[in-house]
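K.L.:
Need a 3D model of the following:
(one chain, ligands or ions: 1)
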Amino acid sequence: MRKPYDVLIIGAGPAGLSLARSLADLPINVVVVERSSEETLATPPEDGREIALTHQSVEIMKKCGAWQRLPNEDISPIESAKIFDGSSSYSLDFDNQNHDLDALGYLVPNHKIRQAYYEELTSHPQIEIRTETVVEEVHTDDGGGSVTLSNGEKLEAKLIVAADTRFSEMRRKMGLSATMKDFSRCAIVCRMEHQHSHKKTAFECFHYGRTTAILPMNGNRSSIVITVNSRDAQRFANMDESEFNQNIEEQLDGLLGDMKLIGKRHVYPLVAVHANQFVSRRFALVGDAAVGMHPVTAHGFNLGLKGQASLSKKIAQAILENEDIASDALLKAYETELMRTTRVIYHGTNMVVGLFTNETLAAKLARKATLRLANNIDPIKQLITQSLTEKEQKGVLNNNPLSKLKGIFQLALSKHLP
Ligand SMILES: Cc1cc2nc3c(=O)[nH]c(=O)nc-3n(C[C@H](O)[C@H](O)[C@H](O)COP(=O)(O)OP(=O)(O)OC[C@H]3O[C@@H](n4cnc5c(N)ncnc54)[C@H](O)[C@@H]3O)c2cc1C
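P.N.:
Numbers count the residues shown, from 1 in each chain. Reported below is the predicted structural model:
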């Protein structure tokens, strides 16, 4: 039998690939096992997801060289954001004029992020990537971990990491429970060209029963995210193109002039998942397998990047100190650190979704009040901007009591609506 690996990663989505890249600089043997083909990893198909990245995520990607591999034309800065409630013209506005930021965040297509990380890994051939292989079984004990592949082969490693989507089979097989919330809503995402400029502004339009988000891409193009009850999703996805164009134009009340669909429409059922534990003996969850967010606050991959950065840093430290890279203490420290961030964001996001999908008069009034409150109290606005960019703003104390409101006001991060 071959020598055990140090780390075995299940899943080469953006989370698994970014972890593999972070570990590539360390003197350890790493293998990634992925269901898809090598061709799909090298040239992933467009999937309609435009990922809003925070400044901190950009820093993580820059540090390992993945950011530099993104084509410039695929990086769209978001300079401001406006949130509308119902048909009211009142909006909650964010911009970066008063802050030392060149943009609130950056929009990058998901498939380009995956491609950039895969390219990075091909320049680190010591990282083994096994494609068109499914991990079927997983087992760990005090001595190490092992997995059984679909071809019957068994691989061993000191640490097994599952990055196998929010519906993680490995999480289930390892007996780690998770909290799930099915919103019974779907996001229909697509790209559209339009007559007028978006001026690098993201728009959120909370209409009753349906919401529409516009995420500015370079040129007169935007990513459009329509969120509707699941029973209506296929109607929007299959709608005749000219009818769809007109529907969006009307929904936006002519904000961007004539609208024209470019490319495919993609449908994503909205289900949020938070694992109750992120680790077990010689086993860890990263990416959506740990926390799969509702996209309303654009946190999913940002949290995935944060998690993998934390885990790889702890592994690097253990190597430096000649310690076990999968000790209970190391894994527990990873879990505690990540959970501190994810719990607040996960529940805060679900609260925002609740507030903006609830059609009762009380909820409608609450959201009008929320927008006005957030607009008129500067520290709140700064906290929201800080949360969006993950950069601290001048004059805002970290332990400001208002930070408790942060979860609620993370709606400002929203790029997709409930
Ligand atoms: C509409 C939409 C918009 C979003 N917008 C944002 C945003 O603006 N900002 C943001 O930060 N996040 C956003 N997200 C979230 C982001 O897309 C996810 O967090 C991220 O893609 C998760 O990556 P992952 O690697 O954890 O999982 P995945 O991308 O799901 O990858 C998992 C991989 O594991 C493989 N796999 C699974 N099981 C096995 C197995 N048993 N054996 C081998 N391989 C296996 C799969 O083939 C797959 O390649 C959005 C999501 C959606 C749906």
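K.L.:
Show me what from the stretch 251-400 of the chain comes close to the ligand.
P.N.:
By C-beta under 6 Å from any ligand atom, the residues of the stretch 251-400 of the chain that approach the ligand are 268, 287-288, 295, 298-302, 304. Bear in mind the C-beta positions are built from the backbone N, C-alpha and C, glycine included.
K.L.:
among those, who's most crowded?
P.N.:
Most neighbours among these, by other C-beta atoms under 10 Å: residue 287, with 29 neighbours.
K.L.:
Surely that one and residue 163 touch.
P.N.:
Yes. The criterion here is C-beta atoms under 8 Å, and residue 287 meets it with residue 163 at 4.5 Å.
K.L.:
Now do the helices in the protein.
P.N.:
Ranges of helices within the chain are 14-23, 38-42, 55-64, 110-122, 169-173, 230-238, 241-251, 300-320, 328-357, 361-376, 378-389, 406-409, based on DSSP state H.
K.L.:
Tell me which of those helices is the most buried.
P.N.:
helix 14-23 (a mean of 27; mean count of other C-beta atoms under 10 Å).
K.L.:
Touching stretch 183-191 from outside, list them.
P.N.:
Stretch 183-191 has contacts (C-beta atoms under 8 Å, 6 or more residues apart in numbering) with 48-50, 217, 221-230, 233, 236-237, 261-272, 294-295, 353, 357, 416, 418.
K.L.:
same thing but at 7 Å, please
P.N.:
The contact list for stretch 183-191, computed with C-beta atoms under 7 Å, 6 or more residues apart in numbering, reads 48-49, 217, 221, 223-230, 233, 236-237, 261-271, 294-295, 353, 416, 418.
K.L.:
Now intersect these with the strands, please.
P.N.:
217, 221, 223-229, 261-271 (DSSP state E).
K.L.:
how far away is the nearest residue to residue 276 once chain neighbours are set aside from residue 159?
P.N.:
Excluding its sequence neighbours, the residue lying closest to residue 276 (C-beta to C-beta, 6 or more residues apart in numbering) is residue 177, at 4.8 Å. Residue 177 is 21 Å from residue 159, where distance means C-beta to C-beta, to the nearest Å.
K.L.:
Which of the two has more residues huddled nearby?
P.N.:
Using other C-beta under 10 Å as the criterion, residue 177 and residue 159 rank with residue 159 on top: 27 against 10.
K.L.:
Which residues of the stretch 101-250 of the chain lie near the ligand?
P.N.:
Residues of the stretch 101-250 of the chain lying near the ligand (C-beta under 6 Å from any ligand atom): 110, 134-135, 163-165, 169, 187, 189.
K.L.:
What pLDDT is listed against the residue of the stretch 1-150 of the chain found nearest the ligand?
P.N.:
In the stretch 1-150 of the chain, the residue found nearest to the ligand is residue 13; the distance is 2.0 Å by C-beta to the nearest ligand atom. Each residue has a pLDDT score; the one for residue 13 is 98.
K.L.:
Please apply the same query to residue 80.
P.N.:
For residue 80, pLDDT reads 86.
K.L.:
My guess is it contacts residue 95. True?
P.N.:
Yes. Between residue 80 and residue 95 there is a contact at 3.9 Å, judged by C-beta atoms under 7 Å.
K.L.:
Test for you: state the pLDDT assigned to residue 3.
P.N.:
78.
K.L.:
Go ahead and name everything in contact with stretch 264-279.
P.N.:
Contacts for stretch 264-279 (C-beta under 7 Å, 6+ apart): 47-48, 166, 171, 176-183, 185-190, 230, 233, 237, 284-285, 290-294, 331-332, 334-335, 338-339, 342, 346, 350.
K.L.:
no, scratch that, I was asking about stretch 298-317
P.N.:
The contact list for stretch 298-317 (C-beta under 7 Å, 6+ apart) reads 14-15, 18-19, 22-23, 26, 51-54, 57, 60, 284, 286-288, 290-293, 325, 330, 333-334, 337-338, 341-342, 345, 349, 413, 415.
K.L.:
starting at the chain centroid, how far to it?
P.N.:
12 Å (C-alpha atoms, centre = their mean, to the nearest Å).
K.L.:
so where's the stretch 201-350 of the chain uncertain?
P.N.:
Counting by pLDDT under 70, the stretch 201-350 of the chain has low-confidence residues at 208.
K.L.:
count of neighbours near the nearest residue to residue 6 once chain neighbours are set aside?
P.N.:
Leaving aside its sequence neighbours, residue 6 sits nearest to residue 28 (C-beta to C-beta, 6+ apart; 3.8 Å). By other C-beta under 10 Å, the residues close to residue 28 number 19.
K.L.:
Just read off the phi/psi values of residue 28.
P.N.:
phi -140, psi 160 (degrees, to the nearest 10).
K.L.:
which ones are touching it?
P.N.:
6-7, 319.
K.L.:
Let's see the pLDDT reported for it.
P.N.:
The model's pLDDT for residue 28 equals 97.
K.L.:
Check the spacing between it and residue 122 real quick.
P.N.:
Residue 28 is 19 Å from residue 122, by C-beta to C-beta.
K.L.:
Same question for residue 354.
P.N.:
Taken as C-beta to C-beta, the span from residue 354 to residue 122 is 44 Å.
K.L.:
same thing with residue 133?
P.N.:
Taken as C-beta to C-beta, the span from residue 133 to residue 122 is 18 Å.
K.L.:
what do you get for residue 22?
P.N.:
16 Å.
K.L.:
what does residue 37 give?
P.N.:
From residue 37 across to residue 122, the span is 15 Å (C-beta to C-beta).
K.L.:
Could you do residue 145 as well?
P.N.:
26 Å.
K.L.:
Return the closest of the contacts of residue 28 with respect to residue 255.
P.N.:
Closest to residue 255 out of the contacts of residue 28 is residue 7 (48.2 Å), distances taken as C-beta to C-beta.
K.L.:
Quick check: beta-bridge partners of that closest one?
P.N.:
residue 30, residue 159 (DSSP bridges).
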